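In: starting from these lines, generate the structure:
(chains A and B)
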Amino acid sequence: DVKVTQSSRYLVKRTGEKVFLECVQDMDHENMFWYRQDPGLGLRLIYFSYDVKMKEKGDIPEGYSVSREKKERFSLILESASTNQTSMYLCASSLGQSYNEQFFGPGTRLTVL
Amino acid sequence: DQQVKQNSPSLSVQEGRISILNCDYTNSMFDYFLWYKKYPAEGPTFLISISSIKDKNEDGRFTVFLNKSAKHLSLHIVPSQPGDSAVYFCALDGGSQGNLIFGKGTKLSVKP
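Out: Got it, this is the predicted structure:
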């Protein structure tokens, strides 16, 4: 059974703080993804990674960075949190080749005050 | 410009009846299609998929239909159950190393 875990279910931060969201998967998947989900906007891809130390921008990378130092771990960093980054953040992983489903973590509900 | 559209933000169905969720796409390069289900405060879970060489795939109460000429995908749930109440996302894979493009979702409510 694939398991994707995220470091926090709920997080409250203040504007300007640096925020780290951690994601770990235990199935040796090559691909990892970070999305945010907002009402009426669906899932929007922030960043993804095909391999260790590799990263690619998604549709909405502004204000975010990522780190993948180990295959199983993919971190999302908000360098200076802003209120418009209040959202549900979802991490996912999948096998390297195409035509495979992505497996999602439970999500982190981030509130920036 | 949206590549994937789920035009109904919400759908309400009586328990035991059929639920039909729809998804339209614009680019014929997509060749693998998935449906995910999401409960509040949880991550999406994979439900069912179909490749472009098929026009139907069935798994228990869930059936996905693909009409390539119309660039239309639908998910049928029969019979619908209250536990099916969730947001449903269609997702499309264009073969680009596993990236999926998601629709905005349809919130299904199944009333007892």
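
In: report pLDDT for the closest residue to residue A:45 other than its chain neighbours.
Out: Closest residue in space to residue A:45, ignoring its immediate chain neighbours: residue A:58 at 3.2 Å, by Cβ to Cβ, 6 or more residues apart in numbering or on different chains. The way it works is simple: take the backbone N, C-alpha and C, and place the C-beta from them, glycine included. Per-residue pLDDT puts residue A:58 at 91.

In: residues in contact with stretch A:53-62?
Out: Stretch A:53-62 is touched from outside by A:33-36, A:44-50, A:66-69, with contacts defined as Cβ atoms under 8 Å, 6 or more residues apart in numbering or on different chains.

In: can you name the two of those that are farthest apart?
Out: The most widely separated members of these, counting by Cβ to Cβ, are A:44 and A:69 (24.8 Å).

In: in terms of neighbours, single out the busier of the two.
Out: Ranked by neighbour count (other Cβ atoms under 10 Å in any protein chain shown), residue A:44 and residue A:69 place residue A:44 first, with 17 against 9.

In: isn't that one up against residue A:34?
Out: No: using Cβ atoms under 8 Å, residue A:44 is not in contact with residue A:34; the gap is 10.0 Å.

In: sorry, back to before: if any of the contacts of stretch A:53-62 are buried, put those into a PyMOL selection.
Out: A single PyMOL command suffices to select whichever of the contacts of stretch A:53-62 are buried according to 16 or more other Cβ atoms under 10 Å in any protein chain shown:
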select buried, chain A and resi 33+34+35+36+44+45+46+47+48+49+66+67+68
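
In: quick check: of the contacts of stretch A:53-62, which lies closest to residue A:85?
Out: Checking the contacts of stretch A:53-62 against residue A:85 by Cβ to Cβ gives residue A:36 as the nearest, at 8.1 Å.

In: that closest one pairs with what?
Out: residue A:44, residue A:89 (DSSP bridges).

In: tell me the contacts of it?
Out: Residue A:36 neighbours (Cβ under 8 Å, 6+ apart): A:43, A:44, A:46, A:60, A:87, A:88, A:89, A:90.

In: if we use 6 Å, what do you get?
Out: The contact partners of residue A:36, taken as Cβ atoms under 6 Å, 6 or more residues apart in numbering or on different chains, are A:44, A:87, A:89.

In: can you check residue B:89 too?
Out: Contacts of residue B:89 by Cβ under 6 Å, 6+ apart are B:36, B:102, B:103, B:105.

In: run the last query once more with 8 Å
Out: A:42, A:43, B:6, B:35, B:36, B:37, B:38, B:44, B:102, B:103, B:104, B:105.

In: now the helix or strand bottoming out on mean pLDDT in chain B, how far from the chain's geometric center?
Out: Least confident helix or strand of chain B, by mean pLDDT, DSSP states H and E, is strand B:100-102 with a mean of 90. Chain-centre distance of strand B:100-102: 12 Å, with Cα atoms, centre = their mean, to the nearest Å.

In: this completes my enquiry, with thanks.
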